[in-house]
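Asks: pasting the sequence and the predicted coordinates here, then a few questions.
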Amino acid sequence: MQEFQDLRTDLQRVTYVAQRGEMRALRFEQSYSRKSEEEAVSFEQIYDTLIANEASAAKALEVMKKCIQKTPPGNITALAVRYMKRGWASLLLEYFEAAEADAKISLSFDCPEELMWNSYEILGYCRARIHDYKAANTYFSRALENLRRGAVSNEVKATAAARIMAVFKTVKDKKNKKSGADKPDETKKPFPPIPQLSYGPNKRFPSASSALSFVTMEGKGRCTVAKRDIKPGDVLMVDSPFCTMINPSFLDTHCFHCFAGVATPTPCASCAKVWYCGEACREASWASVHQAECHVLDYLLDVNIGKLALLSFRVLTTVTWPGLQRMRQSIETLAEAEAEVKDEPQKEMEEEAQEGKSAEHHPLQWQGKYLAQDYRTVLHLTSNADKRSFGDMFKRSVTAVYLAHCLKISGFFGSQDVEEDDMSFVASVLLRHLQGGSCNAYEISELEVSGEGLSGGKLQEVGGALYTTISLTNHSCVANVARYSIGDKCVLRALVPIPRGGEVLDNYGFFFHSSTVNERQEVLLNQYKFRCECRACAELWPLYPHHTSEILIFHCPSPGCYSPCSYSTSSRTACNVCGNQQQYAKLMHDMEQQLKHYNDLLAQVRKGTTANTLPQLLSHSTFMTRHVVPPVKHYTDLQEVIKRCYILQGNIFRPCQAATPVEVQQRSAPRLRPSKREVVLPR
Ligand SMILES: [Zn+2]
Ligand SMILES: [Zn+2]
Ligand SMILES: [Zn+2]
Ligand SMILES: [Zn+2]
């Protein structure tokens with residue numbers, strides 16, 4: 001312990017750990033979930049039993065997902081049939097979009113038409129459902145034709161033909177009706193639009209608004225400061241990730257690359273672990289990060305290694321080995337400088353660069369454009385190496401050496417033998433990111449809503465990412481901004497007015513109203529290595545609902561008085577302290593109007609209509625910020641409602657659910673859905 005604690009640099013730490021006997025004895029083989037036709041076949045057999053029973057279509061769907069994931073990519077015919085079968089299960093569950101998408105995938109494989117009659121049948125149903133009778137007619141005809149040529153028993157043919165004909169007849173009668181299929185048949189919902197930065201982008205920090213500047217202050221380190229008055233609602237940052245990772249519990253429901261919720265996912269062509277929303281994401285993921293990690297994924301997703309492992313691994317595979325070698329000298333210089341320099345000078349980062357002092361620059365000062373895709377922005381993140389305990393640092397060092405071995409067997413260094421020196425260098429860089437990630441990684445969130453509308457729902461952490469510009473903001477338990485995700489982008493918006501010169505303060509997940517001062521201080525010190533000195537911490541604000549009896553406390557508007565008055569108990573005509581009547585009565589009147597209006601706004605938010613209500617809520621927030629004395633219940637509620645409106649403009653996930661059943665006008669007409677009892681599938 002003493003030996004380890006005396007070490008000054010990350011390179012020394014990883015070298016020390018790598019020399020321990022236990023680490024030298026580590027032997028690595030590739031380890032991942034492999035494809036297997038044998039396992040796929042056994043899943044398919046389970047599906048075939050399940051699908052015959054009406055009640056087990058949902059189970060059948062899950063089993064067929066596993067079957068597809070296990071099927072080796074070369075088994076074209078098997079894959080085509082299995083996508084068709086998954087589509088059929090979706091159809092029975094009335095997941096029409098999913099059914100249609102799978103039927104189309106099944107037909108995209110080049111295999112005999114007569115095997116695929118069932119896919120055409122699925123497409124026929126899905127088209128008929130949205131009144132696209134012309135297309136439905138064509139699909140049903142092809143289904144019948146292929147069924148006739150197919151190699152199934154006459155009994156099967158007869159049952160299936162009867163089923164198809166029953167719906168086909170209705171469709172035929174209606175085929176002259178105007179096609180109602182103007183709705184684009186998208187299976188992947190696009191992400192919500194990304195908002196524009198208020199006041200345009202910052203010249204040197206393009207992910208931030210020009211209303212912000214970045215400074216280093218004594219005792220506080222890096223800070224984000226308002227260069228002008230900021231209004232609530234202003235978009236202050238829109239940051240792209242340097243790299244991302246999925247939270248392992250969302251592997252089966254979300255795209256491994258873009259984090260979209262997926263109903264008809266496509267598996268990785270190489271492993272049987274991850275899903276994509278489509279071919280585009282599969283290719284993009286493979287080309288950027290997944291090729292390097294696919295065959296060591298079991299190690300990287302191991303719960304014992306921690307969430308930052310995959311993220312740190314991906315930082316390196318994104319930079320690549322040649323890229324890292326090009327920067328080797330500057331990384332080593334930076335690491336050495338950090339081991340010596342402790343205090344950062346109090347200078348404005350931008351001003352300094354403009355003054356042309358770059359020659360004698362502090363190694364941690366930023367020069368040039370600060371771009372999300374620039375690896376130097378990741379190196380620039382705080383690691384807090386000097387504040388870490390022995391156990392913390394030792395565990396991270398072991399993880400770093402372990403990850404370097406994973407990189408080695410995944411082919412990161414190319415085919416040639418790896419020098420011990422290179423391994424140590426790479427492990428030291430990994431150690432740097434394992435430290436930086438613990439204070440600079442952010443969640444990628446989404447709101448999971450069930451049922452219609454946008455009320456209720458659960459905010460979930462689907463993944464993590466490094467956002468190097470967002471990382472420059474500090475924490476406060478009473479944040480003045482809110483953060484939410486759109487796709488893999490992160491948006492930061494002002495919640496309250498921030499005056500010129502004021503610091504932009506985010507919240508790292510510990511709010512004054514939901515956790516106690518002690519809890520907050522403990523986590524912030526352990527994980528982020530600082531003591532919070534925000535107003536809530538300094539004044540020991542109580543937890544929500546603060547003081548239930550006093551819904552609103554405000555400052556007397558009379559200049560020079562400023563005494564706190566309670567809205568519920570105070571006199572409505574004059575200040576109890578200074579006796580002011582005119583200004584006081586006016587404020588009471590305004591406040592009454594504001595609160596009345598707020599209740600209307602709240603009702604609209606509950607209904608899920610936020611587009612028009614948000615600006616009004618923000619103006620209410622501006623009014624309240626000017627007058628109330630926090631913490632008061634109404635003000636806390638208001639901030640939470642505004643945050644909710646922001647979140648509704650970000651990622652929203654609806655678990656796959658039955659669409660509204662098809663309305664068929666004539667009573668005698670069959671439902672545009674196969675009766676489950678008649679289901680027979682090709683084997
Ligand atoms: Zn995707
Ligand atoms: Zn893979
Ligand atoms: Zn605090
Ligand atoms: Zn007064």
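Replies: Nice, thanks for sending it over. Numbering: from 1, shown residues only. Ligands and ions are numbered 1, 2, ... in the order given.

Asks: okay, CA-based contacts and neighbour counts for the rest of this
Replies: OK.

Asks: can you tell me which helix in the protein is longest?
Replies: Counting by DSSP state H, the longest helix found in the chain is helix 582-607.

Asks: report the buried residues of it.
Replies: 583-585, 587-588, 591, 594, 598, 601-602, 604-605 (16 or more other CA atoms under 10 Å).

Asks: state the distance from Glu37 to ligand 4.
Replies: Distance of Glu37 to ligand 4, computed by CA to the ion, to the nearest Å: 80 Å.

Asks: so who does that residue touch?
Replies: Contact analysis of Glu37 by CA atoms under 8 Å, 6 or more residues apart in numbering lists 70-72.

Asks: touching, Leu505 and Ser471? I think so.
Replies: No: in this structure, Leu505 is not within contact of Ser471 by CA atoms under 8 Å, at 11.1 Å.

Asks: show me which residues of this structure are close to ligand 1?
Replies: Contact residues (CA under 5 Å from the ion) of the chain with ligand 1: 255, 258, 277, 281.

Asks: turn those into CSV, including pLDDT and secondary structure.
Replies: Output for those, formatted as CSV (pLDDT from 0 to 100; DSSP: H, G, I helix; E, B strand; the rest coil):
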residue, pLDDT, secondary structure
Cys255, 93, coil
Cys258, 93, coil
Cys277, 91, coil
Cys281, 93, helix
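
Asks: quick one on the thing from earlier: is any residue of the longest helix of the chain near ligand 4?
Replies: No: Helix 582-607 is not in contact with ligand 4 by CA under 5 Å from the ion; minimum separation 7.6 Å.

Asks: where in this protein is the helix or strand with the lowest mean pLDDT?
Replies: helix 349-354 (a mean of 48; mean pLDDT, DSSP states H and E).

Asks: immediately after it, which helix or strand?
Replies: Remark: after helix 349-354, the chain's next helix or strand is helix 375-379, criterion DSSP states H and E.

Asks: now for the helix or strand following that following helix, which elements pack on it?
Replies: Sequence order places helix 390-409 as the next helix or strand after helix 375-379, per DSSP H and E. Judged by 3 or more CA pairs under 8 Å, 6 or more residues apart in numbering; DSSP states H and E, the packing partners of helix 390-409 are helix 2-5, helix 10-18, helix 308-319, helix 420-440.

Asks: quick check: mean pLDDT of helix 390-409?
Replies: Helix 390-409 comes out with an average pLDDT of 94.

Asks: check stretch 97-116 too.
Replies: 89.

Asks: so for it, what gets flagged as buried?
Replies: Using 16+ other CA under 10 Å as the test for burial, stretch 97-116 gives 97-107, 111, 113-116.

Asks: cool, stretch 218-234 as well?
Replies: 222-227, 230-234.

Asks: torsion angles phi and psi at the residue in the stretch 351-500 of the chain that ligand 1 sits nearest to?
Replies: Residue nearest to ligand 1 within the stretch 351-500 of the chain: Gly487 (9.4 Å; CA to the ion). With angles defined as degrees, to the nearest 10, Gly487 sits at phi 60, psi -130.

Asks: shaky segments in the stretch 151-300 of the chain?
Replies: 173-189 (pLDDT under 70).

Asks: what residue is smack in the middle of this protein?
Replies: Geometric centre of the chain, nearest residue: Ile444, 2.6 Å, by CA atoms, centre = their mean.

Asks: Ala57 is in what secondary structure piece?
Replies: helix 57-70.

Asks: could you give the angle of the helix or strand that that helix is followed by to helix 57-70?
Replies: On the C-terminal side of helix 57-70, the closest following helix or strand by DSSP H and E is helix 76-92. Here helix 76-92 runs at an angle of 160 degrees relative to helix 57-70 (axes from the mean of the first three to the mean of the last three CA atoms, to 10 degrees).

Asks: may I see the contacts of Glu37 organised as CSV, with pLDDT and neighbour count added?
Replies: Shown next, in CSV, are the contacts of Glu37 (pLDDT from 0 to 100; neighbours: other CA atoms under 10 Å):
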residue, pLDDT, neighbour count
Lys70, 95, 26
Thr71, 95, 26
Pro72, 94, 20
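
Asks: of all the residues you listed, which comes closest to ligand 3?
Replies: Lys70 (49.2 Å).

Asks: tell me the contacts of the closest residue to that closest one other than its chain neighbours?
Replies: Of all residues not flanking Lys70 in the chain, Lys35 sits nearest, at 4.5 Å (CA to CA, 6 or more residues apart in numbering). Contact partners of Lys35, counting by CA under 8 Å, 6+ apart, are 69-72, 270-272.

Asks: for the helices and strands packed on helix 390-409, give me TSV that also has mean neighbour count and mean pLDDT.
Replies: Formatted as TSV, the helices and strands packed on helix 390-409 follow (neighbours: other CA atoms under 10 Å; pLDDT from 0 to 100):
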stretch	mean neighbour count	mean pLDDT
helix 2-5	11	93
helix 10-18	22	95
helix 308-319	22	94
helix 420-440	22	92
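
Asks: what's the closest of those to ligand 3?
Replies: Comparing those against ligand 3 with CA to the ion, the closest turns out to be helix 420-440 (16.2 Å).

Asks: spell out which parts of this structure neighbour ligand 2.
Replies: Residues of the chain lying near ligand 2 (CA under 5 Å from the ion): 268, 270-271, 294.

Asks: out of these, which is nearest to ligand 1?
Replies: Out of the residues of the chain next to ligand 2, the member with the shortest distance to ligand 1 (by CA to the ion) is Cys268, at 11.8 Å.

Asks: surely that closest one and Arg282 touch.
Replies: Yes: at 6.6 Å, Cys268 counts as touching Arg282 under the criterion of CA under 8 Å.

Asks: shared neighbours, the two?
Replies: Contacts common to Cys268 and Arg282, judged by CA under 8 Å, 6+ apart, are Tyr276.

Asks: low-scoring stretches of the stretch 1-150 of the chain, by residue?
Replies: Residue ranges of the stretch 1-150 of the chain with pLDDT under 70: none are present.
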